[in-house]
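>>> Fold the following, please.
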Amino acid sequence: MPTSLGGMARRSSRLSASAAQSELADALAALRAELKVPVEFPPAALAEAEQASRAPLGELPDLTRLDFLTIDPAGSTDLDQAMHLAVTDAGFEVHYAIADVPFFVTPGGALDDATRRRGQTLYAPDGRIPLHPTEISESAGSLLPGQVRRAFVWRFELAGDGAVTSTSLTRALVKSRRQWSYEEAQRALDDGTAPPALAPLPAVGKALIAQEAARGGASLNTPDQEIVLTPAGYGVERRVPLPVEDWNAQLSLLTGMAAARIMLDGGVGILRTMPPADEAAVAAFRAQTELLDLPWAEGTEYGEYLRTLDRTQPRALAVLQAAASLFRGAGYEAFDGAPPAQPVQAALAAPYAHVTAPLRRLVDRWGLVVCEALSAGNPVPDWARDSLGELPHIMASTSSVAGRLDASALDRVEAAVLSARIGDAFDAVVLTQNHTRTRIQLAEPAVDASVEGVVGEPGEVVRVRLAAAEIATGTLTFEPLEAAGRLISG
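As a prediction, the model looks like this:
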């Protein structure tokens, strides 16, 4: 245990809020440089984007009569998806419009090359690094309210239980009537003021979730750690997703599964795959749930079990952390002819493709073009067919950068948040424990950390003291204090 002299020394190294934020800014800039995050687009790519953004929209079916709307995080400007929902005698009708990004990108051109190098939009606390120049991603290509836009419009007819009875896809002109934030949409749905195009979303979302459960799929929907900007600088909050976010996500999953089916039936495309967990991993997870007094009963589907968990309970958080370990090995499988040997995305329990975020993810541009061609009975464009095999490597390498940027930026922000509290004691929930390190989650603030020397069973509440916080590397050092005891209820 530390001596009182040591504790005084640590307290003297606390940073003021302004000093911590200044050091954090330097650390985030250094992180971008370390990961070689792209900064500016090449002039030729910018020129192509500017020219494309001013191009006439062309002759397309006109669906602007439909009151499309978007639901995104507050302040979003790169709007990929818009929806229009309706209740029918047979169930529901869903129109789901996806930004027509392929219209703006000439295959083989400078912009095409620049986006292939980027792969996806990167998100950092000190700014977004877009896949496409803002002339496209935040203006001409974005489904902004009040603007006529080109889109790939998916139309689904659903039975009352969420089963798909009809699917179609066409390029068309659409016009969003309003941009909703998640919070605004949830309030409107709760108080009954949602417009007709939005009001069916809870029923549609719940029906699709029931379909997911029947397939044996599972959505983890764990509380998120989010970096927020406050008057004092960057901070970290833990936020439980709103129900509207789950319902909205189900529309994207519905579309991705329909796209996968079109590609598999057509014999060409690219899927988002994930292998099922092996028997040993499943057995280990089941044993872990029993140790946490939240047993996964035999005969209960995996997804059904996860949906019963109270995500506010420390033991449930430990279960979800363990469950996440089963969802590994996600990747992309391109095919032209024979389908992939393992075409399923195991977490969804169905084949799946990425097609709903073309402004922010490169692979979606290919998926949309392939699906439109196959749906219309036309040949897949040569540029798309010939380059499908390049996409898995591009997406894997850029996803690795995105993952490292997300995790490392969060580590640095957490270190800055705690830099003024060196020497303080905290309650923490043990998420995972192995023979070298323990993953803990502080009760307050919303910080996770991987630490040495702290021993506890998953789900146990332990008491720790912060010994050091290095903003430059995002390293937190905790020392064990007394165990706070196993939290069995609430």
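>>> Distance of residue 166 relative to residue 88?
To residue 88, residue 166 is 11 Å away according to C-beta to C-beta, to the nearest Å. Backbone N, C-alpha and C define where each C-beta goes, glycine included.
>>> what sits in contact with each of the two?
When contacts are counted by C-beta atoms under 8 Å, 6 or more residues apart in numbering, residue 166 and residue 88 are jointly contacted by residue 157.
>>> mind listing what residue 215 touches?
Contacts for residue 215 (C-beta under 8 Å, 6+ apart) come out as 348, 349, 350.
>>> Can you name the residues that contact the nearest residue to residue 336 once chain neighbours are set aside?
Spatially, and ignoring its direct neighbours in sequence, residue 336 is nearest to residue 268 (4.8 Å; C-beta to C-beta, 6 or more residues apart in numbering). By C-beta under 8 Å, 6+ apart, the contact set of residue 268 is 335, 336, 337, 370, 374, 380, 385, 388.
>>> Just the pLDDT at residue 268, thanks.
You'll see residue 268 listed with a pLDDT of 98.
>>> Same question for residue 277.
Per-residue pLDDT puts residue 277 at 82.
>>> that older thread, rebuild the contacts of residue 215 as TSV, extending it with secondary structure and neighbour count.
What follows is the contacts of residue 215, written out as TSV (DSSP: H, G, I helix; E, B strand; the rest coil; neighbours: other C-beta atoms under 10 Å):
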residue	secondary structure	neighbour count
348	coil	21
349	coil	19
350	strand	19
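>>> phi, psi of residue 336?
Backbone torsions of residue 336, given as degrees, to the nearest 10, read phi -150, psi 90.
>>> Just list the residues touching it, thanks.
So residue 336 contacts 267, 268, 385, 388 (C-beta under 8 Å, 6+ apart).
>>> Equivalent analysis for residue 184, please.
Taking C-beta under 8 Å, 6+ apart, we find residue 184 in contact with residue 74.
>>> host element of it?
helix 182-191 (DSSP states H and E).
>>> Report the buried residues of the next helix or strand after that helix.
Where DSSP H and E defines the elements, the next helix or strand beyond helix 182-191 is helix 201-215. Across helix 201-215, burial judged by 16 or more other C-beta atoms under 10 Å covers 201, 202, 203, 204, 205, 207, 208, 209, 211, 212, 213.
>>> Then stretch 19-38?
Using 16+ other C-beta under 10 Å as the test for burial, stretch 19-38 gives 20, 21, 23, 24, 25, 27, 28, 31, 32, 35, 37, 38.
>>> And the furthest pair within those residues?
Within the buried residues of stretch 19-38, two members stand farthest from each other by C-beta to C-beta: 20 and 38, at 28.0 Å.
>>> If we only consider the contacts of residue 268, which is nearest to residue 135?
When the contacts of residue 268 are ranked by distance to residue 135 (C-beta to C-beta), residue 370 comes first, at 25.8 Å.
>>> my read is the closest one is in a helix, agree?
Yes. Assignment of residue 370 by DSSP: H, G, I helix; E, B strand; the rest coil places it within a helix.
>>> Does it touch residue 384 like I think?
Yes. The criterion here is C-beta atoms under 8 Å, and residue 370 meets it with residue 384 at 5.9 Å.
>>> okay, these two: which has more neighbours?
Neighbours were counted for residue 370 and for residue 384 using other C-beta atoms under 10 Å; residue 370 has more, 24 against 21.
>>> give the contact list for the more buried one.
Contacts for residue 370 (C-beta under 8 Å, 6+ apart) come out as 262, 263, 266, 268, 269, 270, 380, 384, 385, 388.
>>> By neighbour count, sort out the buried ones in the residues you listed.
Using 16+ other C-beta under 10 Å as the burial test, the contacts of residue 370 include 262, 263, 268, 269, 270, 380, 384, 385, 388 as buried.
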